[in-house]
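Undergrad: Give the three-dimensional model of this entry:
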Amino acid sequence: MVNGRTSHGGRQEAAQRIVAPVAAGLLLLVTLLALIGTAIRDPKPHDIAVGLVGPAQATSQISGAFAQNAPGVFDFTTYSSEADARTAIDNRDVDGALVIGGGGPKLIVAGAAGDTSVGVMTAAFTNVFKAQGATLQVETVHPFAAGDAHGLILFFVIVAVIISTLIAQVVLFTLAASAGAAPRIGVAVVYAVLSGLTAMGLATWIAGDFGGDFWTATGLVMLASAAVGLAVAGFARLFGRAGIALAVLVVVLLDLVSSGGPGGSQILPEFYRALAPWMPAPQLFSALRGALYFNDAGIATPTAVLAAWTAGGLVLVGLGGLVRRRRPVAAPQVAPAH
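TA: Below you'll find the predicted structure:
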């Protein structure tokens with residue numbers, strides 16, 4: 001009878017070993033598809049920043065027409081001269097500028113603003129002037145590197161660093177679930193340094209040359225890895241296995257989906273667009289483009305967000321230690337005497 005119960009228990013344990021990972025994988029699959037599906041089922045551009053230069057009547061006509069026929073697609077700012085509009089592009093205040101003057105309409109676009117912004121601006125304004133019998137000239141400034149013409153390599157640097165950072169912390173949790181603050185922080189910091197150097201080194205080798213501030217970009221990748229690693233470590237130390245699941249949902253799935261991929265968050269529904277300014281992946285992508293293609297313009301806010309995540313992760317790790325110390329220690333069970 002004992003052998004029967006032992007055999008039954010062994011089969012049950014073996015079944016659980018199969019069912020648990022399969023169920024976890026299916027749950028992750030469904031969650032990922034649900035998040036991505038709701039994000040991209042009806043992509044529409046929103047709030048693409050465009051500068052307008054030209055006679056007041058012409059610029060008002062353009063902005064008014066789009067406000068009526070395509071509300072929310074463009075966020076227009078009027079500039080007094082083409083030079084001012086170019087400065088705004090250099091500073092990343094706008095993604096492009098439409099100049100209306102005696103030499104014919106001209107659209108200046110920042111290539112590294114992303115394919116979504118460039119494509120929407122080019123198509124919309126080309127059609128407007130084509131209907132008027134005019135040809136729109138398009139000039140591209142701040143282009144992506146020739147070896148990464150659409151920013152795909154740069155975006156997958158972010159994906160690879162975030163996912164591998166999560167895996168590093170999961171492996172630590174698997175090997176030493178009760179590890180203290182020092183090893184968790186140590187793994188996060190060491191991996192951040194190594195992943196930043198490795199990811200940007202390989203990406204630069206693959207792309208040929210990004211042509212911008214490599215070391216600032218590398219430092220930003222390191223900061224993002226540390227932010228994600230410490231957040232995962234904090235969740236794990238506070239909540240154990242449930243914390244790992246929470247980290248997968250928040251730090252990886254919501255984070256990557258809210259970035260909008262290489263196209264950017266402008267095409268996402270309102271929920272994800274509202275989330276993007278506060279998440280590591282979209283902010284890192286913005287900061288990397290600023291460092292590599294805009295002479296470090298526009299990297300202050302993303303850096304602050306990544307630093308806040310890093311600080312928050314440290315706080316979570318510390319809180320996890322306090323919670324563990326306050327948990328009552330179970331009394332050892334004494335086997336009954338026979």
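Undergrad: Could you use CA atoms for every contact and neighbour count after this?
TA: OK.
Undergrad: List the contacts of the residue most central in space within the chain.
TA: Computing the C-alpha centroid of the chain and ranking residues by CA atoms, centre = their mean puts Ala281 first, at 1.8 Å. The neighbours of Ala281, taking CA atoms under 8 Å, 6 or more residues apart in numbering as the test, are Ile158, Val159, Ile162, Ala224, Asp255, Leu256, Ser258, Ser259.
Undergrad: Got the phi and psi for the residue nearest to Ala287 when sequence neighbours are not counted?
TA: Distance criterion CA to CA, 6 or more residues apart in numbering; nearest residue to Ala287, sequence neighbours excluded, is Ile299 at 4.7 Å. Note on Ile299: backbone dihedrals following degrees, to the nearest 10 are phi -100, psi -10.
Undergrad: Against Arg92, how distant is Ile299?
TA: 10 Å (CA to CA, to the nearest Å).
Undergrad: So what's the gap between stretch 141-156 and the chain middle?
TA: Distance of stretch 141-156 from its chain centroid, counting by CA atoms, centre = their mean, to the nearest Å, is 16 Å.
Undergrad: got the buried residues for that stretch?
TA: 141-145, 147-148, 150-151, 153-156 (16 or more other CA atoms under 10 Å).
Undergrad: Mark which of these are part of helices, please.
TA: Ile153, Leu154, Phe155, Phe156 (DSSP state H).
Undergrad: So the second one sits against Thr204, correct?
TA: Going back to what we said before, that points to Leu154. No - with contacts counted by CA atoms under 8 Å, Leu154 stays clear of Thr204, the gap being 9.2 Å.
Undergrad: other SSEs contacting the strand or helix carrying Asp255?
TA: According to DSSP states H and E, Asp255 maps onto helix 255-259. Here helix 255-259 touches helix 2-40, helix 270-275, helix 280-293, going by 3 or more CA pairs under 8 Å, 6 or more residues apart in numbering; DSSP states H and E.
Undergrad: hmm, who's touching the second one?
TA: To tie it back to what came earlier, the one meant is helix 270-275. Outside helix 270-275, the residues touching it (CA under 8 Å, 6+ apart) are Ala39, Val257, Ser258, Ser265, Gln266.
Undergrad: after the worst-scoring helix or strand of the chain on mean pLDDT comes which helix or strand?
TA: Of all helical and strand segments in the chain, the minimum by mean pLDDT, DSSP states H and E falls on helix 2-40, at a mean of 65. Next helix or strand after helix 2-40 toward the C-terminus (DSSP H and E): strand 48-53.
Undergrad: Which strands and helices lie in contact with that next one?
TA: Counting by 3+ CA pairs under 8 Å, 6+ apart, strand 48-53 packs on strand 74-79, helix 82-90, strand 96-99.
Undergrad: Mind doing that once more with 10 Å?
TA: Under the contact definition 3 or more CA pairs under 10 Å, 6 or more residues apart in numbering; DSSP states H and E, strand 48-53 sits against helix 56-69, strand 74-79, helix 82-90, strand 96-99, strand 106-110, helix 115-131.
Undergrad: okay, these in TSV with mean pLDDT next?
TA: Listed next are those as TSV, based on pLDDT from 0 to 100:
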stretch	mean pLDDT
helix 56-69	92
strand 74-79	96
helix 82-90	97
strand 96-99	97
strand 106-110	97
helix 115-131	93
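Undergrad: Can you say which of these is packed in most?
TA: Mean neighbour count (mean count of other CA atoms under 10 Å) peaks for strand 96-99 among the helices and strands packed on strand 48-53, with a mean of 28.
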